[in-house]
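Undergrad: missing the sequence, but the structure's below:
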Ligand SMILES: Nc1nc2c(c(=O)[nH]1)N[C@@H](CN(C=O)c1ccc(C(=O)N[C@@H](CCC(=O)O)C(=O)O)cc1)CN2
């Protein structure tokens, strides 16, 4: 039976580390870390996640502002608004909640002739305030994976790293599979796992990869990180190697209102050596990781250094 990799102690460990840093920023630099979350439209899941981010900032004594924009805003207007927010010296971190409405996520599919797309919007976030680690310059740093030079590791990737470190999950030289191609979750996790930060061998799977290739890769994987979140996608026990470490980043609400990940949870936990629950696994750590990045952004603004991340193994054994 798998060890359950709960997010709560990892969140507590991150927050324990952040609290004195926040106090010091206030006392020595007169800086209160401040985050602006831009939400476009009122998708209920996004509203819930944004609420958690704002609450978490407030609980830790940081400033937070929620900017809610109409769902029919065009990409150019959104880009200008993001640039305007980012230019304020009182704002240390800026993020745009994803996904964006269709006309901005996928302008081609919605017949739009606008040359500005989602990435142009995200690139309007100043690099030193890009707490989601998603703008062009920040992504290049992750590609290079110079741990000591990284500005921001995206929150979900940082959450997975903090979780693996806390539970002492070895990645170096392991066979890992990352499933999904989302820009904010799977893609940075794939780069992190395969790069210098984790030194694993990574196979990247997504809907265009044939069933045979998927089955072969999954059957050999020591570590699986999945972030698909579609009702027609399920990872079953038979697809996996006994002893696998299973990290479920997906969250999806079923027709009966239950929150689930990509794993067929009970059977998979019978053969995995360790597994994250959904809810209560990676999700809450993502929010704590964002808090960590916001404190980093405030340190950059205060001239208090902070480039690069320090990783250390945690207390728990898988
Ligand atoms: N700009 C961004 N957009 C999105 C990101 C992101 O990192 N930046 N990630 C996800 C959504 N997300 C944060 O925004 C997020 C997802 C899940 C959770 C979480 O705490 N999940 C709980 C369940 C909570 C619930 O649904 O009620 C859990 O798994 O236990 C927090 C944040 C996509 N968009």
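TA: All right, it came through fine. Bear in mind that the values here come from a model prediction, so they are computed numbers and not experimental data.
Undergrad: For the stretch of helix or strand residue 161 belongs to, what is the distance to the chain centroid?
TA: Element membership for residue 161 (DSSP states H and E) is helix 155-166. Relative to the mean C-alpha coordinate of its chain, helix 155-166 is positioned 9 Å out (C-alpha atoms, centre = their mean, to the nearest Å).
Undergrad: what's downstream of it, the next helix or strand?
TA: Next element after helix 155-166 (DSSP H and E): strand 175-179.
Undergrad: Report the rounded mean pLDDT for that next one.
TA: Throughout strand 175-179, pLDDT has a mean value of 98.
Undergrad: who touches residue 251 in this structure?
TA: Residue 251 is in contact with 45, 229, 259, 260, 261, 278, 279, 283, counting by C-beta atoms under 8 Å, 6 or more residues apart in numbering. C-beta coordinates here come from the backbone N, C-alpha and C atoms, glycine included.
Undergrad: can you rerun that using 7 Å?
TA: 229, 259, 261, 278, 283 (C-beta atoms under 7 Å, 6 or more residues apart in numbering).
Undergrad: Could you tell me which residues make contact with the second one?
TA: Residue 259 sits next to 251, 253, 278, 279 when contact means C-beta under 7 Å, 6+ apart.
Undergrad: cool, and residue 137?
TA: Contacts of residue 137 by C-beta under 7 Å, 6+ apart are residue 127.
Undergrad: now swap in residue 29 and tell me
TA: 302, 304.
Undergrad: any chance you could read off phi and psi for it?
TA: Dihedral angles of residue 29 (phi, psi; degrees, to the nearest 10) stand at phi -120, psi 0.
Undergrad: cool, and the one 3 residues further on?
TA: The phi and psi values for residue 32, taken as degrees, to the nearest 10, are phi -100, psi 120.
Undergrad: Check residue 91 too.
TA: The phi/psi pair for residue 91 (degrees, to the nearest 10) is phi -110, psi 130.
Undergrad: Could you number the chain from 5 rather than 1 from now on?
TA: Will do, 5 is the new start, and the previous item becomes residue 95.
Undergrad: mind checking how far the residue nearest to it when sequence neighbours are not counted is from residue 91?
TA: In space, and not counting its chain neighbours, residue 95 is closest to residue 40: 5.2 Å by C-beta to C-beta, 6 or more residues apart in numbering. Here residue 40 is placed at a distance of 11 Å from residue 91 (C-beta to C-beta, to the nearest Å).
Undergrad: The two: who's more crowded?
TA: Neighbour count, other C-beta atoms under 10 Å: between residue 40 and residue 91, residue 40 has more, with 24 against 12.
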